[in-house]
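1. Can you look at this prediction? I've put the sequence above it.
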Amino acid sequence: MPHKINLILQRSILNEKILLLKLTIISRMDLWRLNPKFLNNTKFHSRDILFYNRVPKTGSETLIELMIRLGERNDYQNERAPFSKPVGIYWSVERQKTEAQRIFDLQEDSAFVYVEHMNYMNLRPLHFPQPIFINLIRDPIERVISWFYYKRTPWNSVKMFEITGIFQNRSHYVKSFEDCVLTHDPECRYDFGLKFKEDSADHKRQSLFFCGHSPICEPFNTPGAIARAKQNVERDYSVIGSWEDVNVTLTVLEHYIPRFFKGSTDVYYEPIKGLAFKKQNTNHWKPKISERIKRIMRANFTQEYEFYHFCKQRLYRQYFAINRHLHF
């Protein structure tokens, strides 16, 4: 165990050095933006309720487990949508009102976290209190690959059978992602402007979860959808983290949303029954995908990467602002 802890610390130090280099570059370009009024949206919330409209395959189960432990420590309740509920995309305004009312009705007296796979909802025109929005992101292509193999895992297949009563045929489970891309299989098409409106399990775009339910959000990899997603992030999201930068994410969550995330780093690294914090839903069935396939895919994910880097730079700025001792 001491050896494992030392390895964790060594990786942490290396990651910090890499991050400092990134921050140096960002700081030279964007010092004017290192101001709390541009970086901290938590102060705009009007009720102690945290919305986590989680993006699939970004490590959300790990964050949920962390929030459950923190809830016991920081005195708040956690609630999540059931696995059987379809992903919330392209809801009408009336449906959004209904869902928002249902979620707010779940809160009792204490602070409250609600978690669901659903697109961002702008609650201001719906006349609801403003919650605290958070989310996680991941490298767009790594996330798509992860989803491709996750839905073919035995445990997910069993869960889906319990809900739908349907098992896919054998060819579905043995399909190779690389072959899927190279043969232009419809499951692995990533064409500019392509719409997936009829597919409630469309997880090709993480930007969709930030863009919302508007028709502008439907086409794949388009500037309009990305611009809307960025606008929503800047205006309403307190923190968008990434487990690609564990310590940065934990630190920013703890400083920008202390009511819910005070003690995050301690809890994350605190051994439970002698074991380190376990990542949830790790898929050992996923094979290694060649760089050639990833290069082919990146050509069709230009806007998705634009959004991804936008969110990562925002996270770095928030972290850098903490280290510059700016007041919130």
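-> Arrived safely. Numbering: from 1, shown residues only.

2. Toward the C-terminus from the strand or helix carrying Trp147, list the very next helix or strand.
-> Using DSSP states H and E, Trp147 falls within helix 140-150. Next helix or strand after helix 140-150 toward the C-terminus (DSSP H and E): helix 154-164.

3. for the record, mean pLDDT for that following helix?
-> If you average the pLDDT over helix 154-164, you get 80.

4. What lies in contact with the very next helix or strand once past that helix?
-> Proceeding N to C from helix 154-164, the next assigned helix or strand is helix 170-174, under DSSP H and E. The contact list for helix 170-174 (C-beta atoms under 8 Å, 6 or more residues apart in numbering) reads Arg152, Ser157. Where you see a C-beta, it was placed from the backbone N, CA and C, and this is true even at glycine.

5. ok, now how distant is Glu162 from Ile293?
-> Distance, Glu162 to Ile293, using C-beta to C-beta, to the nearest Å: 33 Å.

6. Same question for Glu72.
-> When C-beta to C-beta is applied, the distance between Glu72 and Ile293 equals 43 Å.

7. Kindly report the same for Lys97.
-> Lys97 sits 43 Å away from Ile293, going by C-beta to C-beta.

8. what do you get for Gln96?
-> For Gln96, the distance to Ile293 - C-beta to C-beta - is 37 Å.

9. and the most centrally placed residue in the chain, what does it touch?
-> The residue lying closest to the centre of the chain (C-alpha atoms, centre = their mean) is Leu136, at 2.4 Å. The neighbourhood of Leu136, defined by C-beta under 8 Å, 6+ apart, consists of Arg54, Val55, Thr58, Gly59, Ser60, Leu63, Ile240, Gly241, Ser242, Trp243, Thr249.

10. surely the third one meets Trp243?
-> Yes: contact between Thr58 and Trp243 holds when scored by C-beta atoms under 8 Å: they sit 7.4 Å apart.

11. about what we covered before: between Glu72 and Ile293, tell me which one has more neighbours.
-> A count of neighbours by other C-beta atoms under 10 Å puts Ile293 above the other of Glu72 and Ile293, at 18 against 10.

12. Excluding chain neighbours, what is closest to the more buried one?
-> Distances taken as C-beta to C-beta, 6 or more residues apart in numbering place Glu178 nearest to Ile293, at 5.1 Å, with adjacent residues excluded.

13. how much space between the residue lying closest to Leu136 once chain neighbours are set aside and Cys311?
-> Among residues not flanking Leu136 along the chain, Thr58 sits closest, at 4.1 Å (C-beta to C-beta, 6+ apart). Distance of Thr58 to Cys311, given as C-beta to C-beta: 11 Å.

14. Equivalent analysis for Asn221, please.
-> As judged by C-beta to C-beta, Asn221 and Cys311 stand 16 Å apart.

15. swap in Val87?
-> On the measure of C-beta to C-beta, Val87 and Cys311 end up 20 Å apart.

16. So between the two, which is more surrounded?
-> It is Cys311, of Val87 and Cys311, that has more neighbours when counted by other C-beta under 10 Å, with 22 against 18.

17. got a list of what Val248 touches?
-> Each residue near Val248 by C-beta under 8 Å, 6+ apart is listed here: Leu19, Gly241, Leu315, Tyr316, Tyr319.

18. Of the residues you listed, which pair is most distant in space?
-> Leu19 and Gly241 (13.3 Å; C-beta to C-beta).

19. out of these two, which sits in the more crowded spot?
-> Of the pair Leu19 and Gly241, Gly241 is the one with more neighbours under other C-beta under 10 Å, namely 24 against 16.
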